[in-house]
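Predicted coordinates and the sequence they were generated for:
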Amino acid sequence: MRASQPVRIPSLPRVPAARRRSARGFTLVELMVALVIGTLIALAAGALAISFDASRKTLVASNNANGSGAGAAASLSAQVAMAGAGLVTHGQQTCQTLYFSGPGSPLAIDPLNIVHAGAAASDVVQFAFASGGSTDASLPLTAPLTALNAPLTLSAVGAVTTRAQVLLANAQQACLLRNATSVLAGTGNAAGTSTLQFDPTDPLNGANIGAALPTFDTTSTLVPAGTLQVQQWYAQDGFLMRRDLLSAASASNPSKMADGVLFLRAQYGIDLGSGIAWSDVPAAAPALSVAQLQGLRSIRIALLARTSERERQTNPAACVTTTNPLQSLGNGWGLTVDVSALTTSTGAALVPDWKCYSYRGFTVVQPLRNVIWGVQVPA
């Protein structure tokens, strides 16, 4: 028999020394170094997150001030652009004194009236317009008005519909606002005539007009008004406010149109032949003269808005966001407002911690197209 051969077991490959060392894992020193580096990275990331959050809040607050101011300016501009609609024709106003049922009657009205109380107080912008009405559709009265709610028979009332507001206007520019509760034509009326009736139970036709009834005779006219509005806009207690003087509810409880608005200033843009000049009218004589009305072209409005929240401070007890209380009202108008001196409607400081906020000024110029068209006297 053949002798058995020894079994040869192949030898394992030799592992390089570098690989044998790497297989041991990390040493304690390496782990400690990695831990220190990781801690430093975590601390840096946390500081960056805090810084980013502070910047984000500042940006959000700044955008909030921009949004509030821009939105408020746009809202006011859209409304004041209606000033004079349906109330100015052939170079003169239809009404200078308005009689209506409700508190505040009679009311002195102009297409536009800026009440400027002084440098430290917000202006009040008051304007009137007839939405859906027109002085060009006015109709002469065929007989005098004998009583407050007496029916009126007119030769034509095509522009007057049931439940539409009308103005009776006399030669002295006194006007009576009524609501035509029915328009009767045909039976009982002469050919080509209609009768307007004014139900005294209608809120707009009440007897409380605040004074004796003016005279409306055959020299007077009936003007379709559609819906007459007399609005006031102003800044009060940190809000842009709107009040409708012909609404008892709105007159006593004005609407808040925008938050964060601290101040409002306005000026007339009047052209008397040498170009538009911006001017205030003294508080003692706020109404425009006939010449000023005929030269009225635009209004310039400036608002000052504030961020809605305090901006983040290194020391919350000592704010330094704003250090100069004199804030500009915007481009093109060299006016500033002392925010530290502004007060609420009760006389308290409006922004006692004024240094904690940022402020933005906005200026808009609104052409008064209805006034411009209405005061163009035909040749």
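Nice, I can see it.

I'd assumed F362 was in contact with A70.
Yes: contact status for A70 versus F362: in contact at 6.2 Å, counting by Cβ atoms under 8 Å. Where you see a C-beta, it was placed from the backbone N, CA and C, and this is true even at glycine.

ok, those two, which is more surrounded?
Set side by side, A70 and F362 give different neighbour counts by other Cβ atoms under 10 Å, the larger being at F362 (22 against 16).

so who does the closest residue to the more buried one other than its chain neighbours touch?
Once flanking residues are discounted, F362 sits nearest to G69: 4.3 Å by Cβ to Cβ, 6 or more residues apart in numbering. When contacts are counted by Cβ atoms under 8 Å, 6 or more residues apart in numbering, G69 is found next to 260-261, 303-305, 360-362.

between these, which is nearest I37?
Proximity of the contacts of G69 to I37 was ranked by Cβ to Cβ; the top entry is R360 with 44.7 Å.

Before we move on, what's the pLDDT of that closest one?
Looking at R360, its pLDDT is 90.

who touches the helix or strand harbouring it?
Using DSSP states H and E, the secondary-structure element containing R360 is strand 359-367. When contacts are taken as Cβ under 8 Å, 6+ apart, the neighbours of strand 359-367 outside the stretch itself are 62, 65-66, 69-70, 72-74, 76-77, 80-81, 262, 269, 297-307, 322, 327-333, 339.

and if we set it to 7 Å?
Strand 359-367 is contacted from outside by 65-66, 69-70, 73, 77, 80-81, 297-306, 322, 327-333, 339, using Cβ atoms under 7 Å, 6 or more residues apart in numbering.

Mean pLDDT per helix and strand in the protein: which one sits at the bottom?
Sorting the helices and strands of the chain by mean pLDDT, DSSP states H and E puts helix 17-22 at the bottom, at a mean of 54.

Report the buried residues of stretch 97-104.
For stretch 97-104, burial by neighbour count (16 or more other Cβ atoms under 10 Å) applies to 97-102.

From the chain's centre, how far out is it? Work that out for me.
Distance of stretch 97-104 from the chain centroid (Cα atoms, centre = their mean, to the nearest Å) equals 25 Å.

cool, and stretch 240-251?
Between the centre of stretch 240-251 and the centre of its chain there are 14 Å (Cα atoms, centre = their mean).

Only alpha carbons, please: show it as CSV.
Output in CSV follows, covering the C-alpha atoms of stretch 240-251 (Å, rounded to 0.1, in the frame of the first residue of the first chain):
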residue,chain,number,x,y,z
LEU,A,240,-56.0,104.1,10.5
MET,A,241,-59.7,104.9,11.1
ARG,A,242,-62.7,105.5,8.8
ARG,A,243,-66.0,107.1,9.8
ASP,A,244,-69.1,107.6,7.6
LEU,A,245,-70.8,110.8,8.8
LEU,A,246,-74.1,109.8,7.2
SER,A,247,-74.3,106.6,9.2
ALA,A,248,-75.3,106.9,12.8
ALA,A,249,-73.6,103.5,13.6
SER,A,250,-70.3,104.4,11.8
ALA,A,251,-70.3,108.0,13.2
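
buried ones in it?
The neighbour-count criterion (16+ other Cβ under 10 Å) identifies 240-243, 245-247, 250-251 as the buried residues of stretch 240-251.

Would you mind giving those residues as CSV with pLDDT, secondary structure and distance to A147 added?
Compiled in CSV, the buried residues of stretch 240-251 are given as follows (pLDDT from 0 to 100; DSSP: H, G, I helix; E, B strand; the rest coil; distance: Cβ to Cβ, whole Å):
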residue, pLDDT, secondary structure, distance to A147
L240, 95, strand, 42
M241, 95, strand, 38
R242, 95, strand, 35
R243, 94, strand, 31
L245, 92, coil, 25
L246, 90, coil, 22
S247, 85, coil, 25
S250, 79, helix, 29
A251, 77, helix, 27
